[in-house]
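**Student:** this one's structure only:
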């Protein structure tokens, strides 16, 4: 399946313009390997996925929701590889683009497995720009746990504000989880503050 530049919109246009068809060819080859390859080809595709950057998030993310368990597992590992590479030191711009593409996978048009994995990974790479997208999932019973845990891990103050806001209208069975996340955030920030003072 081809992924034209028109599909990979926004900040990715600049990323693709430098290497053009080569990036798209790598993307198509990697997704094909994840979807249809044997064990060796899938492992090779997972290993090469990290180099796709933000351009690979959408196509690989949707494959996480595949009904083929082998393809889904391979895509899951590939998506994690992309995200983990984007968190390396000095790659802040790449991390922002990856987070932006992950946030797009939260919409109801994507498979639930894809949405859940995107929310989980946003807890590792997300910042203030993706908080509204995660906050919107706190009212969805199918995704609220993943969204809550992601917001708990995002260090920006807006994530805590989103959790507190959700607490006001959350159903009774979800309030203890939100309160726990707020407590964990407070504890983590106190620990970070003490560590900085000790340096």
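**Tutor:** Done, it's in. Just so you know, these numbers come straight off a predicted model, no measurement behind them. Numbering: from 1, shown residues only.
**Student:** Stretch 82-91: which residues count as buried?
**Tutor:** 82-83, 85-86 (16 or more other Cβ atoms under 10 Å). (Each C-beta comes from the backbone N, C-alpha and C, glycine too.)
**Student:** And for stretch 128-143, what's in contact with it?
**Tutor:** Under the contact criterion Cβ atoms under 8 Å, 6 or more residues apart in numbering, stretch 128-143 has outside partners 96, 99-100, 102-103, 106, 112, 115-116, 119, 122, 126, 144, 146-148, 150-151, 154, 156, 158-159, 162-163, 165-166, 169-170, 178.
**Student:** which two from the buried residues of stretch 82-91 end up farthest apart in space?
**Tutor:** The span of the buried residues of stretch 82-91, defined through Cβ to Cβ, is set by 83 and 85 at 7.4 Å.
**Student:** Low-confidence bits of this protein, can you list those?
**Tutor:** Applying pLDDT under 70 to the chain flags residues 1-25, 190-199.
**Student:** That one: strands as residue ranges?
**Tutor:** Here the chain has no strands by DSSP state E.
**Student:** How about the contacts made by residue 95?
**Tutor:** Per Cβ under 8 Å, 6+ apart, neighbours of residue 95: 86-87, 125.
**Student:** list the buried ones in stretch 171-190?
**Tutor:** The neighbour-count check on stretch 171-190 (16+ other Cβ under 10 Å) flags 174, 177-178, 181-182, 185 as buried.
**Student:** To clarify, my last question referred to stretch 153-160.
**Tutor:** Neighbour-count burial for stretch 153-160, with 16+ other Cβ under 10 Å as criterion, is recorded at 153-154, 158-160.
**Student:** so where do the helices sit in this structure?
**Tutor:** Here the chain has its helices, by DSSP state H, at 12-19, 21-36, 39-49, 57-64, 69-86, 92-104, 112-125, 131-135, 144-153, 157-169, 175-198.
**Student:** Tell me how far the fifth one lies from the chain's centre.
**Tutor:** Going back to what we said before, that points to helix 69-86. 11 Å (Cα atoms, centre = their mean, to the nearest Å).
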